[in-house]
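Asker: Predicted model, plus sequence, below.
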Amino acid sequence: METSDFFDEGDLVAVLTTQPLDRLLDYKAPEGGCALGAFVEVPLGPRKVIGVVWGKGRGDYDYAKIRSVIRVLDAAPMREEMRLFLTRAADYTLTPMPAMLRLATRAPGLGDPPSMRKIYRLGSSMPDRLTDARARVLQVLRDYGGLSFTLKELAEQAGVTTSVVKGLVKLSAVAEEDSPRDLPYPHLDSDHASKDLTTDQATCADALRASIRTDDYGTTLLKGVTGSGKTEVYLEAVAECLRQRRQALVLLPEIALTSEFLTRVQDRFGAQPAEWHSGVTMTERRRAWKMVGQGAAQLVVGARSALFLPYQNLGLVVVDEEHDTSYKQEDGVLYNARDMAVLRASILGAQVILASATPSLETWANAEAGKYNRLELTSRFGSSMLPDMRAIDMRDETLPSDRWISDTLQKAVQTRLDQGEQALLFINRRGYAPITLCRACGHQIGCDHCDARMVEHRFQKRLMCHQCGETKPIPKICPNCGAEDRLAAVGPGVERLTEEATKLFPDARIATLSSDLYGSARALKAQIEEIANGGADLIIGTQLVAKGHNFKNLTLVGVIDADLGLQGSDLRAAERTFQLMRQVSGRAGRADKPGQALLQTYQPDHPVIRAILSGDEEDFWRAEASERRHAAVPPYGRMAGIVLSSPDIQEVFDFGNEMARNDGPLRQVNAQLFGPAPAPIARVRGRHRVRLLVKADKSVPLQAALSRWVAQFKQPNNLRLTIDIDPQSFY
């Protein structure tokens, strides 16, 4: 380590803490000194907080009054590239550095000393009396080739009580040892069991392996129709990364996808990788954070926040389903994981693979411009074929007001069920009904804290606000006029569709897939596995079902309301509808049986619906790109959303108007300012919301102009100001 990277005891060091402060704090290096990037515990007032040594202290304060670092934590120091990544991400998203550091330290117990646990392995002797129970314990230890177990794990594997194991310990037949609680992850064998690839797959895999071997930065769009085997291709890139002794990260958009993916990883590499998402235990999160930092986790599979783990030698980031909106963090630090993956890889000299059947327009445009490489899989793997896609013109259907499954779709579903195949009905609405209306006075039941209608969740017997999560019992009496038994559910949600399907298909085993119906990620995974193994005939699902699940016996997809996403003024409405419809339709016919997708629509001649049915994706992207370019909006222009919120509606509008009147820094770079205006959802959790929108040319240094503009104003105590660079939603 160079001298400049280490501070001796008493040297002044600048520490970035996780506390909401606008500066680095000076401390004296502790006894034994500390390295640049060291994770440390420091005093802040009466508290002890975690921070990182960010550099040399400023020394502009009385040295005698400066306090010392309490201790250096047992964690690998933060590398220079990680400090640069956090700094550049903060500059891009206009996020305070302490908030970025909190993203990078989101593991429990980082300040705890190393802890130990008891583990058990084969001992040095044999017991004089070998009962069946004792024999099973010893056989398990032999079968696993000397691997160690916890007491509970060994007892469960052998089917005995823990007292049997402890008895063998006393006889020295089983050895009991102390071991660190956070153990390295099993070794992944890059040559364990690679699959036979098609010609297309092999060509793409060879190109990705070659890019990994360059040790340079590069981003590749891996575009392939649903079911074409993109996963097998990018796992070969992961294998090459492991051969180069570098770490790899695979980002998935949905926890429910993790279980099936982990099985594929184990089949390919012979062991499980590290996991990082909200579905893992706090113990596992701490283990993953520490082992990643020590280089003892070769592969991480995780959610967007896995980008902020302390990798020692990251060589590859895969963003699977890169178009998915869940990669955009919409609260706290506002960032897009796809863009941050590219940023981190560019700093490291690593490779990025953006995999999707329906890429985002931003990614498509970068590939068209030559900034990203592009590889394409044009056919499905094996004997499976792309589904036949057709529209059901709802103008020709005669449905009663309380039904949403057309006669045409009903007959198609029944035919598949009669053939012993699975069918899926898709509607992108959670709950039973989006509106509860009083037929006496017309009142719609809204949230007490938000400017939003409450959604009926009949399975849970509650009304729920999908903005703040507030729930209340379904009332019997109208809260506005007091009328009894006049409240009616209006419109369909996934639960109401299940109710209708139960009547239409009484003999079918029906499974409803919606994220709010499962108490844990584990329960949701179990349901998906049961469906994949033939545990349901008819699946009713929300957007959750569009994401990568492989139901081999599913041959029909029916979309209840293909027009739903085309409503509103969102500039990405057409793109998202196109992606969602193509993705959910791609669930059909993924094995050897032909599939079909039927889209119920009142607008069969809409350009987006026509593009979905024609399958001419490139034509759709070119047309969408032309419209965006003409309007000078992303990806051919820059945008930033500013949301002001306050409990006081007058205060928030006054502040918004003051910002609009003093927009000189924006006009200096020819940026346009729109607003202030009430946000589409004008009140959330009791706070009134006002939006401003900034639009600028792509070449404009927008962040610098925004910083100068916002710095002019002193915010009232109760007012919050949030800046969203490259906004994905406009609520």
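Answerer: Cool, the structure landed.

Asker: Kindly provide the distance from C241 to K503.
Answerer: The gap separating C241 from K503 is 52 Å, by Cβ to Cβ, to the nearest Å. In short, each C-beta sits where N, CA and C put it, glycine included.

Asker: Of those two, give the one with the bigger neighbour count.
Answerer: C241 (28 against 9; other Cβ atoms under 10 Å).

Asker: which SS state does the more buried one fall under?
Answerer: Classification of C241 by DSSP: H, G, I helix; E, B strand; the rest coil places it in helix.

Asker: measure it to G293 for me?
Answerer: 18 Å.

Asker: What separation do you get for R638 and V53?
Answerer: 35 Å.

Asker: now H277
Answerer: From H277 over to V53 (counting by Cβ to Cβ), the distance is 29 Å.

Asker: More neighbours: these two, which one.
Answerer: Taking other Cβ under 10 Å, H277 and V53 do not tie; V53 has more neighbours (29 against 19).

Asker: For the host helix or strand of that one, give the mean pLDDT please.
Answerer: Counting by DSSP states H and E, the element that carries V53 is strand 47-56. On average, the pLDDT along strand 47-56 is 95.

Asker: Which strands and helices lie in contact with it?
Answerer: strand 12-17, strand 39-44 (3 or more Cβ pairs under 8 Å, 6 or more residues apart in numbering; DSSP states H and E).

Asker: My read is that V318 contacts V250, right?
Answerer: Yes. Here V318 reaches V250: they are 4.5 Å apart, a contact under Cβ atoms under 8 Å.

Asker: For these two, list the residues in contact with both.
Answerer: Contact criterion Cβ atoms under 8 Å, 6 or more residues apart in numbering; residues shared by V318 and V250: 234, 238.

Asker: and these two? which has more neighbours close in?
Answerer: Remark: of V318 and V250, V318 carries more neighbours, 28 against 24, as counted by other Cβ under 10 Å.

Asker: how close does V40 sit to P108?
Answerer: 18 Å.

Asker: These two: who's more crowded?
Answerer: Higher neighbour count among V40 and P108: V40, with 25 against 12, using other Cβ under 10 Å.

Asker: residue with max distance from the center of this protein?
Answerer: D128 (55.4 Å; Cα atoms, centre = their mean).

Asker: That one belongs to a helix?
Answerer: No. Applying three-state DSSP, one finds D128 to be coil, outside a helix.

Asker: which residues sit in contact with it?
Answerer: D128 touches nothing, counting by Cβ under 8 Å, 6+ apart.

Asker: Where does pLDDT dip in the stretch 251-400 of the chain?
Answerer: Where the stretch 251-400 of the chain drops to pLDDT under 70, the residues are 256-257, 380-386.

Asker: At which residues are the helices of it located?
Answerer: 258-269, 282-293, 337-348, 361-368 (DSSP state H, counting those that start in this stretch).

Asker: ok, for S115, nearest residue in space, not its chain neighbours?
Answerer: R181 (4.6 Å; Cβ to Cβ, 6 or more residues apart in numbering).

Asker: quick one: the nearest residue to V490 once chain neighbours are set aside from R453, how far?
Answerer: Once flanking residues are discounted, V490 sits nearest to I435: 4.2 Å by Cβ to Cβ, 6+ apart. Per Cβ to Cβ, I435 is found 5 Å from R453.

Asker: what is in contact with those two at once?
Answerer: Q444.

Asker: Would you mind telling me which of the two has the busier surroundings?
Answerer: Using other Cβ under 10 Å as the criterion, I435 and R453 rank with R453 on top: 20 against 15.

Asker: Who are the contact partners of that one?
Answerer: 434-436, 444-447.

Asker: Write down the beta-bridge partners of A696, one by one.
Answerer: Assessed by DSSP bridges, A696 has beta-bridge partners R638.

Asker: That one: what's it in contact with?
Answerer: Neighbours of A696 in contact, by Cβ under 8 Å, 6+ apart: 637-639, 666, 669-672, 702, 705.

Asker: what does T150 give?
Answerer: 117-120.

Asker: just the buried members of the residues you listed?
Answerer: 119-120 (16 or more other Cβ atoms under 10 Å).

Asker: how about the contacts of T150, which pair is most distant?
Answerer: R117 and Y120 (10.6 Å; Cβ to Cβ).

Asker: Can you give the domain ranges for the protein?
Answerer: The chain breaks down by automatic domain parsing into domains covering 3-81, 117-180, 199-377, 388-433+491-625, 638-725.

Asker: any chance of these in CSV, plus distance to Q460?
Answerer: Compiled in CSV, these are given as follows (distance: least, Cβ to Cβ, whole Å):
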stretch, distance to Q460
domain 3-81, 36
domain 117-180, 34
domain 199-377, 19
domain 388-433+491-625, 8
domain 638-725, 21
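
Asker: just those: most buried one?
Answerer: Comparing those by mean neighbour count (mean count of other Cβ atoms under 10 Å), domain 199-377 ranks first with a mean of 21.

Asker: K328: what's its closest spatial neighbour, skipping adjacent residues?
Answerer: Q728 (4.4 Å).

Asker: Does the one you found touch D570 like I think?
Answerer: No. Contact status for Q728 versus D570: not in contact, 9.1 Å apart, counting by Cβ under 8 Å.

Asker: How far off centre is the helix or strand of the chain with the lowest mean pLDDT?
Answerer: Across the helices and strands of the chain, mean pLDDT, DSSP states H and E gives its lowest value to helix 521-532, namely a mean of 75. Offset of helix 521-532 from its chain centre (Cα atoms, centre = their mean, to the nearest Å): 18 Å.

Asker: Which SSE is immediately downstream of that helix?
Answerer: strand 538-541.

Asker: Show me what the following helix or strand past that next one is packed against.
Answerer: Using DSSP H and E, the helix or strand that follows strand 538-541 towards the C-terminus is strand 554-559. When contacts are defined as 3+ Cβ pairs under 8 Å, 6+ apart, strand 554-559 packs onto helix 407-418, strand 422-426, helix 573-585, strand 596-601.

Asker: Paired strands for strand 554-559, with orientation please.
Answerer: Applying DSSP bridges, one finds strand 554-559 paired with strand 422-426 (parallel), strand 596-601 (parallel).

Asker: how big is the angle separating it from helix 521-532?
Answerer: 120 degrees (axes from the mean of the first three to the mean of the last three Cα atoms, to 10 degrees).
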